[in-house]
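A.B. asks: give me a model of this one.
(one chain, ligands or ions: 1)
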Amino acid sequence: MTTPSFGSLRSDDDQWDIVSGVGYTALLVAGWRAVHALSAKPLVRDDYAQHFITATGDPYLTGLLKDPGTSEDETTFPRLYGVQTRFFDDFFTNAGETGIEQAVIVAAGLDSRPYRLDWPSDATVFEVDLPKVLEFKARVLDGLGAEPKGRRVEVAADLRTDWTAELIKAGFDPRVPTAWSVEGLLPYLTGDAQEALFAQIHANSAPDSRVATGALGSRLDHDQLAELERAHPGVNMSGDVDFSALTYDNPADPAQWLRDHGWSVEPVRNTLNLQAGYGLTPPPVDVKIDSFMRSQYVTATR
Ligand code: SAM
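C.D. replies: As a prediction, this is how the structure comes out:
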């Protein structure tokens, strides 16, 4: 077994496109969402996701889409990413129902919520990610003639910098309540960068703003992933992505950070609670990867 070497492929100002470095993780999870959409009873349907895979021709994800497999092990990540996607979909839907009309999808990647969800009629949805990720996404969606269901604004910015200045330049209004999502991002930031990110969200959140955060594998035990793959030769759970080298070994505690800064935090849910809430019975494979089950999903209101 290789020894995980946290963050060894990273530097403080590294950049990427959709097929390199951290950017590839956005393509990978889009692949899992695409496979989840094909499953018998999907929790969410992202019909755009498959087009990102086709556009790159990535061999691993193209193969996965052609033959996603049917065993519990093979379908683990698509299923769990379906659970995560549903959590954030519900967060934005609920926020919209309470009258929040400004949303920021932080580290949007290839997430297609502006196109999939029914937003309030006056909603503005900001999507923040690095320029090449957003360019690729726009190219594919424009090519499909996809139309966002709310006003969608791209903000190309590095989340390790003063990114909310770019957000405000793009028309974000800090005086109105906002729904912020931080999905699948924190493991890719150092502890200091995570704090700075939440501090910027906090500073730009009017009363009644909401935030949701979580990442599958945020409490990842790399040995468990390796064991799962060893026990099932030929089952590649991660497209050969070396997550340990792309992520930092600093499990965040966003719930505590938010509490400390005066936010009202709902009871934190994990991957097991969420599955139960969506009427799913977690299959036996979940016991083998209990570190994934401890991934935390946090919702808070200012
Ligand atoms: N939230 C999306 C989803 O769940 O489909 C994407 C998740 S993907 C695992 C991680 C995303 O974080 C990538 O799109 C990557 O470009 C973005 N990201 C990570 N660090 C970033 C940074 N410093 N600045 C901007 N984007 C960043």
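A.B. asks: give me the next element, helix or strand, following the biggest helix by length in the chain.
C.D. replies: The helix spanning the most residues in the chain, taking DSSP state H as the definition, is helix 76-97. Using DSSP states H and E, the helix or strand that directly follows helix 76-97 along the chain is strand 102-106.
A.B. asks: what does that next one rub up against?
C.D. replies: With contact meaning CB atoms under 8 Å, 6 or more residues apart in numbering, strand 102-106 is reached by 92, 95, 111, 113-114, 119, 123-128, 150, 159, 167, 172-173, 176-183, 185, 197, 201. Glycine gets a C-beta too; all of them are placed from N, C-alpha and C.
A.B. asks: by contact count, what packs against the longest helix of the chain?
C.D. replies: helix 23-37, helix 113-116, strand 178-183, strand 210-214, helix 271-277, strand 296-301 (3 or more CB pairs under 8 Å, 6 or more residues apart in numbering; DSSP states H and E).
A.B. asks: picking that back up, pull out the buried residues from the contacts of strand 102-106.
C.D. replies: 92, 95, 111, 113-114, 119, 123-128, 150, 159, 167, 172, 177-183, 185, 197, 201 (16 or more other CB atoms under 10 Å).
A.B. asks: keep only those residues that also lie close to the ligand.
C.D. replies: Contacts with the ligand within the buried ones among the contacts of strand 102-106, as defined by CB under 6 Å from any ligand atom: Asp111, Leu159, Glu183, Leu185.
A.B. asks: list the residues that contact the second one.
C.D. replies: Shown here is Leu159, whose contacts under the criterion CB under 8 Å, 6+ apart are Val106, Ala107, Val128, Leu185, Leu189, Ala193, Leu197.
A.B. asks: for the first one, same thing?
C.D. replies: If a contact means CB under 8 Å, 6+ apart, then Asp111 has Ile105, Glu127, Glu183 as its contacts.
A.B. asks: if we use 10 Å, what do you get?
C.D. replies: 26, 29-30, 33, 46, 48-49, 85, 88-89, 105, 127, 129, 137, 181, 183-184 (CB atoms under 10 Å, 6 or more residues apart in numbering).
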